[in-house]
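Undergrad: Give me coordinates for this.
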Amino acid sequence: MSLSKLQGVKLPASADFHVHLRDGPMMDLVVPTIRQGGVNTVYVMPNLVPPITTVEHALEYKKRLQAIEPKVNYLMSLYLHENVTPEVIIDAKKQGIAGVKSYPAGVTTNSSSGVVDYSQFYPVFEEMERQGLVLNLHGECPSKGDITVMTAEERFLPILFQLHERFPKLRIILEHCTTAAAVEAVKKCGPTVAGTITAHHLSIIIDNWAGDPFCFCKPVAKTPADRDALLLAAASGNPKFFFGSDSAPHPANSKRGGDKIAAGVFTQPYATQIVVDAFEQACQNGVLNAEDVTPEILEGFLSKFGRKFYGLEGEQKEHITLERKGEKIANILESQSLDVVPFRRDQETWTVSWV
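TA: Alright, predicted model coming up:
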């Protein structure tokens, strides 16, 4: 069942509340693709090398992003680290920093400086609660003992509950949910807890990344039942769930092999389009009903709910349109020194236009 009723539909510009824009030549290559994906607001991840642990570093990075593409609103974040103190949080609020990202040590790209013990950051969380900054959780436990990439997210969920119980007014986002258990956990928490869902996790399951390195990310895609739970949450109209692509570019050679395959899926140039593609495929598979995938549902998930959670309701003034006219996702993005392969390369997708 197609979503032909969306042909020509006008929507508010999408907001992507989880992006990796990298640095250096990779930043120069991927930042210009943000608006190509129908997005004009992004929440920027701080896991550069070295990580962004100071307000000065975050603001300097933002200036360089703005110099490449000034027509995007960059929401900046700090990397949760021992250098981030309550005093830093107070300054971050004054300087317009939106939140703090927590990575458990060693679970994903550039996370070696991540968190081992959350209790050491309780004073920071208390100040974040007072200042109104968002805590973004990469919700996985490191793989050790009986914890694997398939169970790492579910084993993390007690930490989410503990933090929410101790800091009930702290806005917390469980980033890139991949399991039905994560969806239910977010639902069980109060209104200060939300979950982001990526474009690619609405599309793929374990079999995809097990056979295609360009579908391999952290957290990994799980079972068909988990993917369907994400689709139902994203299309539910529940404001607790909104879009965060976790678009994570890597040089193609680091995805194709070598000693270790890089974790990350690059969706930035087609962020909005791939979400609509996933909803359409879900309708064809009987997971969603086409009549339920309305412009209002798309607006909520792709724009409205996330902006409201971050307090950005008044900043949305641009619009996009969706059309099916045979556009295909590029096979590769190239610069003089880099090449990056997009998710779903060479496959047909929707066309986004700015109006």
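Undergrad: can you map out the helices along the stretch 201-350 of the chain?
TA: Assigned by DSSP state H, counting those that start in this stretch, the helices in the stretch 201-350 of the chain fall at 206-211, 224-234, 252-256, 271-284, 295-299, 305-309.
Undergrad: Dump these into CSV; add distance to Ala262 and mean neighbour count as well.
TA: All C-beta spots, glycine's among them, are computed from the backbone N, C-alpha and C. Shown next, in CSV, are those (distance: least, CB to CB, whole Å; neighbours: other CB atoms under 10 Å):
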stretch, distance to Ala262, mean neighbour count
helix 206-211, 12, 14
helix 224-234, 22, 21
helix 252-256, 4, 16
helix 271-284, 20, 23
helix 295-299, 31, 17
helix 305-309, 27, 20
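Undergrad: Point out the one among those that comes closest to Glu327.
TA: helix 271-284 (8.1 Å; CB to CB).
Undergrad: In the stretch 201-350 of the chain, where is pLDDT below threshold?
TA: Scanning the stretch 201-350 of the chain for pLDDT under 70 picks out 257-258, 315-316.
Undergrad: Repeat that for the stretch 1-150 of the chain.
TA: Across the stretch 1-150 of the chain, the ranges flagged by pLDDT under 70 are 1, 106-114.
Undergrad: Quick check: which of the helices of the stretch 201-350 of the chain is nearest to Ala105?
TA: Of the helices of the stretch 201-350 of the chain, nearest to Ala105 by CB to CB is helix 252-256, at 21.4 Å.
Undergrad: For stretch 143-150, which residues meet the burial criterion?
TA: For stretch 143-150, a neighbour-count test (16 or more other CB atoms under 10 Å) marks Val149, Met150 as buried.
Undergrad: who wins for proximity to Gln131 among the helices of the stretch 201-350 of the chain?
TA: Closest to Gln131 of the helices of the stretch 201-350 of the chain, according to CB to CB: helix 305-309, at 15.9 Å.
Undergrad: quick one: which helix or strand includes Pro168?
TA: Per DSSP states H and E, Pro168 falls between elements, in no helix or strand.
Undergrad: hang on, isn't it packed against Val193?
TA: No - taking contacts as CB atoms under 8 Å, Pro168 lies outside contact range of Val193: 9.4 Å.
Undergrad: Return the alpha-carbon coordinates of stretch 175-188 using CSV.
TA: C-alpha atoms of stretch 175-188 as CSV (Å, rounded to 0.1, in the frame of the first residue of the first chain):
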residue,chain,number,x,y,z
GLU,A,175,18.8,8.2,22.0
HIS,A,176,18.3,6.0,19.0
CYS,A,177,15.9,3.5,20.5
THR,A,178,16.3,0.1,18.8
THR,A,179,14.1,-2.3,20.8
ALA,A,180,10.5,-2.8,21.8
ALA,A,181,11.7,-2.8,25.4
ALA,A,182,13.2,0.7,25.0
VAL,A,183,9.9,2.0,23.6
GLU,A,184,8.1,0.7,26.6
ALA,A,185,10.6,2.1,29.0
VAL,A,186,10.2,5.6,27.6
LYS,A,187,6.5,5.3,27.8
LYS,A,188,6.7,4.2,31.5
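Undergrad: Which other helices and strands does the one helix or strand Ile173 maps to contact?
TA: With elements taken from DSSP H and E, the one containing Ile173 is strand 172-174. Packing contacts for strand 172-174, counted by 3 or more CB pairs under 8 Å, 6 or more residues apart in numbering; DSSP states H and E, involve strand 134-137, helix 152-166, helix 180-188, strand 193-197.
Undergrad: let's see it at 7 Å
TA: Under the contact definition 3 or more CB pairs under 7 Å, 6 or more residues apart in numbering; DSSP states H and E, strand 172-174 sits against strand 134-137, helix 152-166, strand 193-197.
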